[in-house]
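>>> After the sequence you'll find the predicted model.
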Amino acid sequence: MCTYSDCQERRGWACAYTDMTGRKCNSWWCRRHIQFIERTPFCPRHASVIRALAPTANTIFEIKNRPAVDDRALPLAALVAEDVDKDVTELVRRRYQNRKDVTIARDRTVRQTWSGQKEVAWERSWAALKSQGYLIRIAVRVAAEEPDIVQLLIGNTVVFKDVPDWITRRREGESPDHADTIRRAPFLRACRRPTAGRSSRRHRRRSTAR
Ligand SMILES: [Zn+2]
Ligand SMILES: [Zn+2]
């Protein structure tokens, strides 16, 4: 029977997702609830994983580093990053618009990173670069061990950490609405905080110690 809650349909497809370790999802979904990508059936969660990683591959079969079957962190990171992409890009661009020596760079997809010593996390970032390095780097990160919590990083400092309710609603199948703009405002406000945050203070301390 279809895995979707309350769906009684008995005909359908198994999700074709296989992770790096060879584990398969194999959950069953009917015609209405399965999603096809390049003619391959995926459950809703794994369809979003594949879509999030697809921009770096020519075909979905080329996608390496596929997260674990039960990883929920990547789809959340991808959804939030996509949602704030336009605003954060604009924010970084506006801050450095008069600087000819500055390049704005943004990740096209989420990528795997490490949170702490060995915890896997998924992250997408926006940055302003000069030849010597970053002027600012803003990242949306979700750690695999806290798959419902979105972290916002400026440099290496977590400046905001929250369960994003505007996304929670969407994960439950509701469509985005106008109120989403208000709901994500605190998140974008955190992005606007002055770059001279804790990381530069730490840097100053380190330089006076020398
Ligand atoms: Zn169904
Ligand atoms: Zn699946």
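Everything's here; your move. Numbers count the residues shown, from 1 in each chain. Ligands and ions are numbered 1, 2, ... in the order given.
>>> Need the pLDDT of the residue nearest to the spatial centre of the chain.
By CA atoms, centre = their mean, the mean C-alpha position of the chain lies nearest to residue 77, the distance being 2.3 Å. pLDDT, the model's per-residue confidence, is 92 for residue 77.
>>> so where does it fall, helix or strand?
Element membership for residue 77 (DSSP states H and E) is helix 73-95.
>>> which other helices and strands contact that helix?
helix 44-53, strand 103-106, strand 119-130, strand 133-143, strand 150-154, helix 165-171, helix 185-192 (3 or more CB pairs under 8 Å, 6 or more residues apart in numbering; DSSP states H and E). C-betas here are computed from N, CA, C, even on glycine.
>>> picking up where we left off before, any idea how far the residue nearest to the centre of the chain is from residue 185?
20 Å (CB to CB, to the nearest Å).
>>> For stretch 68-88, could you pull out the residues that count as buried?
69, 71-85, 87-88 (16 or more other CB atoms under 10 Å).
>>> Ok, stretch 182-190 next?
Result for stretch 182-190 [16+ other CB under 10 Å]: buried residues 183-184, 187, 190.
>>> which one of those is nearest residue 160?
residue 190 (3.7 Å; CB to CB).
>>> ok, now which ones touch the residue nearest to the centre of the chain?
52, 110, 121-124, 140-142, 150 (CB atoms under 8 Å, 6 or more residues apart in numbering).
>>> Please spell out the ChimeraX selection for the buried subset of the residues you listed.
A single ChimeraX command selects the buried members of these (16+ other CB under 10 Å):
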select :52,110,121,122,123,124,140,141,142,150
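>>> from the contacts of residue 77, which has minimum pLDDT?
Among those, residue 52 has the weakest pLDDT, 87.
>>> ok, so what distance separates the spatially closest residue to that one that is not a sequence neighbour from residue 16?
With sequence-adjacent residues excluded and distances taken as CB to CB, 6 or more residues apart in numbering, residue 52 is closest to residue 78, at 3.5 Å. Residue 78 sits 19 Å away from residue 16, going by CB to CB.
>>> now swap in residue 166 and tell me
Taking CB to CB, one finds residue 166 at 30 Å from residue 16.
>>> what does this structure put close to ligand 2?
15, 17, 25, 43, 46 (CB under 5 Å from the ion).
>>> ok, of those, which come out buried?
15, 17, 25, 43, 46.
>>> quick one: which two of those are the most distant?
17 and 43 (7.1 Å).
>>> what sits in contact with each of the two?
In contact with both residue 17 and residue 43: residue 25, using CB under 8 Å, 6+ apart.
>>> what does the protein have sitting close to ligand 1?
Counting by CB under 5 Å from the ion, the chain sits next to ligand 1 at 2, 4, 7, 9, 30, 33.
>>> what's around the fourth one, how many residues?
This means residue 9. 14 (other CB atoms under 10 Å).
>>> And the last one, by the same measure?
Other residues lying near residue 33 total 17 when counted by other CB under 10 Å.
>>> For residue 155, see how far away it is.
Note on residue 33: its distance to residue 155, by CB to CB, is 41 Å.
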